[in-house]
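Q: let's see this in three dimensions:
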Amino acid sequence: MTDPASTAGRLVAVPLGALARLRRNKPMHPRGAVLDAVLERSGTGRAWGVPWLDEAATDEVMVRFSRSAGLPAPFPDVLGLAVRLTGPGGPIDLLLSSTGRGPLLRWVPLPRQDAAVPYTSIMGYRSDAGTLRIAVLPEVDSAPSEPAELTDEVVVHPLTFTIAAAQGVQRWRPFGRLTLTAAHRPQDPDLRFDAVLHAPPGLSADGPLARFRAPAYARAREARTAGRVSRRG
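A: Numbering: from 1, shown residues only. Prediction:
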């Protein structure tokens, strides 16, 4: 039986691949800024049964803020927040988009002008506790969404977020804190995030959005590889 989400992902992958070749860059979220950060996981009051969510640990990570369509501020854009944690088992990638915070709006990408907004995975993660989603919730009232301006702001004032998880429409349960500490050099290196292949331990990308993303990611990777070979040739 044909899966509508996978079929849609394959259809979208074609223009995304073409856009990646045209831009010789990322087809979406082309402009961003990478920041050094610290992810402190303290666990929740009630265990999920997922060690990565339940156990305390502190890791140095990289965070990329971006604007999905690449529109300049002050135009609103769907904002992206990607987290890369490198460990002995390979990278862990979280890809989150600006959304609402409530039970229904947490699944809806929302254009924003300010970067101090909720970001959620939208995509679900299958676990022993059920399907979970991850959110990064701001602890400040305002932050610039233009990548270069955000970098300048973090250099002066570290930017902090609460990281939380939720099942379905239940309340967000904090399990740690993400603190952006410094500008990364170079400002926007060629990092490639894959939330489907690089899910946190104990979590598996699941649901229609995961099946939609998988072929789109694959086509974008193929286009980037072809572009590198062409430039060397």
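
Q: wait, what's in contact with H198?
A: G90, P91, I92, D93 (Cβ atoms under 8 Å, 6 or more residues apart in numbering). C-beta: built from backbone N, CA, C; applies to glycine.

Q: of all the residues you listed, which comes closest to V108?
A: D93 (21.9 Å; Cβ to Cβ).

Q: quick one: least confident helix or strand in this structure?
A: helix 4-23 (a mean of 40; mean pLDDT, DSSP states H and E).

Q: give the contact list for the spatially most central residue of the chain.
A: Centroid-nearest residue in the chain: L95, 1.6 Å away (criterion: Cα atoms, centre = their mean). Taking Cβ under 8 Å, 6+ apart, we find L95 in contact with G80, A82, S121, M123, F193, A195.

Q: of the residues you listed, closest to S66?
A: G80 (4.4 Å).

Q: before we move on, which element is that closest one in?
A: Assessed by DSSP states H and E, G80 sits inside strand 77-87.

Q: which strands or helices does that strand pack on?
A: strand 31-41, strand 57-67, strand 90-98, strand 111-112, strand 119-120 (3 or more Cβ pairs under 8 Å, 6 or more residues apart in numbering; DSSP states H and E).

Q: and D152, helix, strand or coil?
A: helix (DSSP: H, G, I helix; E, B strand; the rest coil).

Q: what about it, distance to R185?
A: 14 Å (Cβ to Cβ, to the nearest Å).

Q: those two - which one has more neighbours?
A: It is D152, of D152 and R185, that has more neighbours when counted by other Cβ atoms under 10 Å, with 13 against 8.

Q: what's the separation between the more buried one and L35?
A: 11 Å.

Q: what is the most widely separated pair among the contacts of H198?
A: G90 and D93 (9.9 Å).

Q: those two: who's more crowded?
A: The neighbour count for G90 versus D93, taken as other Cβ under 10 Å, is higher for D93 (19 against 11).

Q: what pLDDT does that one get?
A: D93 is assigned a pLDDT of 97 by the prediction.

Q: my read: it touches T86, true?
A: No. Under the criterion of Cβ atoms under 8 Å, D93 is not in contact with T86, lying 10.1 Å apart.

Q: quick check: neighbours shared by those two?
A: Joint contacts of D93 and T86 (Cβ under 8 Å, 6+ apart) do not exist.

Q: re earlier: and which of the contacts of L95 is nearest V169?
A: Distances from V169 to the contacts of L95, taken as Cβ to Cβ, are shortest for S121 (14.6 Å).

Q: just give the closest residue to that closest one, not the sequence neighbours.
A: Excluding the flanking residues, the one nearest S121 by Cβ to Cβ, 6 or more residues apart in numbering is I134, at 4.6 Å.
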